[in-house]
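Asks: Sequence and predicted structure are below.
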Amino acid sequence: MNPCKLIVGGRKSCVSGGSLLLSCLLSLFAVSAQAELSIQITQGIDNPIPIAVVPFAWEGSGVLSEDIGQIVINDLEQVGEFRSLSRSNMLSMPSEEREVFYRDWRILAQDYLLVGKINRAQGSQLVQVQYELFDINRELKLAGEVLTGSVAQLRDIGHEISNVVFEQVTGVRGAFTSEILYIVSDQLGPETFNFRLEKADYDGARSQTLLESREPIMSPSWSPSGQDVAYVSFETDLPRIYIQNIPTGQRRQITNYPNINSSPVWSPDGSKLAMVLSKDGSPDIYVQDLNSNQLMRITDHPAIDTEPSWTADGNSIVFMSDRTGQPQIYQIPIGASSFNVERLTYDCFQCMKAKFLPDGVNLVHVRREARQDPNYQIAILNIDTLRVITLTDTSLDESPSVAPNGSMIMYATKFNGRGVLDAVSIDGRVKFRLPSSQGDVREPAWSPFLNSGY
Amino acid sequence: MGMQRSQLIKVSLLVISLFALAACSSTSETDDSDMGNQGSSSSSGSSSASSSAGSSSGQLSQEEIRAQNALRQTVFYFDFDVAEFKPQDRDTLTYHARDLAANPGKRVRLEGHADERGTREYNLALGERRANGILNYFIVNGASRSQIETVSYGEERPSQRGSTEQAYSRNRRVEVVAR
């Protein structure tokens, strides 16, 4: 292992002697506190589900670094479906089943109750977190287990409990242990920028820098396993595609074609990378097999074809093209001739950056309605009914990325002149924001479901 | 396109350009005649062969000054959603092209940029389209392809921060950077 810090750009890169396989030690656990995002709920729903989350009892000595009950409350409230009971209004503070009196919670008009306690595991530095979830109206225990981990994993444990509560109550798998990738840009001088590729919990907590460069970094994309990220880096002065293993920091350059190399997106099975190359004159969509390195051309048009995404079955590519003069969304089966391109959008001045939801019918995209309307917003087009729902009401919204459970879309927008990340529920009713303390934050990429280990 | 044919066109265009510079004649070659007309100032109208021959040395140095001034302009701005450079930049770009043609050892990099409106990947492509427009103009006017590198930064390296029309107009640009 070559213990170089992963800072690239200019001539300071760790690229050595033309070798494409780069083995770099990442400062993975150097959490940059000043860059940490924290969440703000900007819009909720009218009738959230009432739930009481009692502070988890800590039966060890000293003070715990995390308040698990509060982590669960934050998770449940920011997706908008829940409203938690204020701790000061609780009539009792049970920490396990035998202390629970349903009547106490029925009086307070609560539908659900979560209680728990935390112990130091016998003879180790680990902690055990026990939780139990109750349905007040049916007087029924819905779930309960004991999770064991280090103190540093208390946030993970809290998010995992949120997953269980969310799934028990809504029937939808929770995405609270998922993570996000995003780009931060700081302008250091008139011509000088600093770019960072960051990874954080979905709520912006525990951010880590995966790559830092004076040259642009773009288009982070998760592998389906959640182990690797593909992105574009200009560290050689030209846009080239790289793949980086997240746990080890090992990275390799995937492309070195003339002109634009951009928009890498993993196929659903993880074996291929869709990308945009302009080596043959204008940007077209290509697919590279990651095992054989074989490159397949998907589109062939003198206009701009870019922003590929895969359909869920991995058989087709959705992309944007300005072949009619303005950006519109098209779809083409892998391996089909260019004549088999199907146009998906018609009624917008510009429709861009599209991806199907898992249902294969609803197409999330960036939309500019009319030439005289300067706003770029996140919208969903149902390609069967042609109904369009515009989810956002700001003007420079882009880079939509869907949570692994399909419940929310995170996107980049501007607030007070700076790039920030916002999230909106699929039905548009709930919004939350991850403000950054510095720099322009953009290009969020929401991870697939990750194995949290609990 | 055949290499030899494009080389031939390049050489012939170069010859025409040099001829235009020296004689200040108004041929029917649009790019060069634009230059020639500007050079001999529109007020004089008919640029007769005798007058240019009479003050040949003075004209040449004026021409050199014009060329030097033109080469000092290295940033070219674009209209919204437009990939073609502005007509008023044509003459300046012609001087750049001829400078490359006359100095085969010179290398430049054309850096294309876009404003922040629209998606990042589309803006990356638009920046390339703008840079390619100038690349092609340089080649047509005598520069060699091997002298020129292009790169697009899309909207990643704005020249001016902010979401105003003023900032946007500064950010839609191609920069000619000497290598």
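Replies: Everything's here; your move.

Asks: and the stretch 351-454 of chain A, which of its residues are near chain B?
Replies: For the stretch 351-454 of chain A, the residues in contact with chain B (C-beta under 8 Å from any C-beta of the partner chain) are A:352-353, A:366, A:368, A:374, A:376, A:396, A:398-399, A:414, A:417, A:442-443. (C-beta placed from N, C-alpha, C; glycine too.)

Asks: A:Ala205 contacts A:Arg155, doesn't it?
Replies: Yes: the criterion here is C-beta atoms under 8 Å, and A:Ala205 meets it with A:Arg155 at 6.5 Å.

Asks: In the sheet, which residues pair with the closest residue to A:Gln78 other than its chain neighbours? Tell me.
Replies: Sequence neighbours aside, A:Phe432 is the residue nearest to A:Gln78 in space, at 4.6 Å (criterion: C-beta to C-beta, 6 or more residues apart in numbering or on different chains). With DSSP bridges as the criterion, A:Phe432 is bridged to A:Ile41, A:Ala423.

Asks: Kindly provide the distance from A:Phe432 to A:Ala175.
Replies: 13 Å (C-beta to C-beta, to the nearest Å).

Asks: Repeat that for A:Trp105.
Replies: 27 Å.

Asks: residues in contact with A:Val366?
Replies: Taking C-beta atoms under 8 Å, 6 or more residues apart in numbering or on different chains, we find A:Val366 in contact with A:350-354, A:376-379, A:397-400, B:119.

Asks: Can you verify it is assigned to a strand?
Replies: Yes: read with DSSP: H, G, I helix; E, B strand; the rest coil, A:Val366 is one of the residues of a strand.

Asks: name the element B:Glu121 belongs to?
Replies: helix B:120-140 (DSSP states H and E).

Asks: again, but for A:Val146
Replies: Per DSSP H and E: strand A:140-149 holds A:Val146.

Asks: Pull out the buried positions in the next helix or strand after that strand.
Replies: Downstream of strand A:140-149, the next assigned helix or strand under DSSP H and E is helix A:154-170. Going by neighbour count (16 or more other C-beta atoms under 10 Å in any protein chain shown), the buried part of helix A:154-170 is A:154-166, A:169.

Asks: then the helix holding B:Glu121 to CSV, C-alphas only?
Replies: Output of helix B:120-140 as CSV, limited to C-alpha atoms (Å, rounded to 0.1, in the frame of the first residue of the first chain):
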residue,chain,number,x,y,z
ARG,B,120,-24.3,19.5,-15.5
GLU,B,121,-23.8,16.8,-18.0
TYR,B,122,-25.6,18.8,-20.7
ASN,B,123,-23.5,21.8,-19.9
LEU,B,124,-20.4,19.7,-20.1
ALA,B,125,-21.5,18.8,-23.7
LEU,B,126,-22.4,22.4,-24.5
GLY,B,127,-19.0,23.6,-23.4
GLU,B,128,-17.4,21.1,-25.7
ARG,B,129,-19.6,22.2,-28.6
ARG,B,130,-18.5,25.8,-28.1
ALA,B,131,-14.8,24.8,-27.9
ASN,B,132,-15.2,22.7,-31.1
GLY,B,133,-16.7,25.6,-32.9
ILE,B,134,-13.6,27.7,-32.4
LEU,B,135,-11.4,24.6,-33.0
ASN,B,136,-12.9,24.1,-36.4
TYR,B,137,-12.6,27.8,-37.2
PHE,B,138,-8.9,27.8,-36.3
ILE,B,139,-8.3,24.7,-38.5
VAL,B,140,-10.2,26.3,-41.4
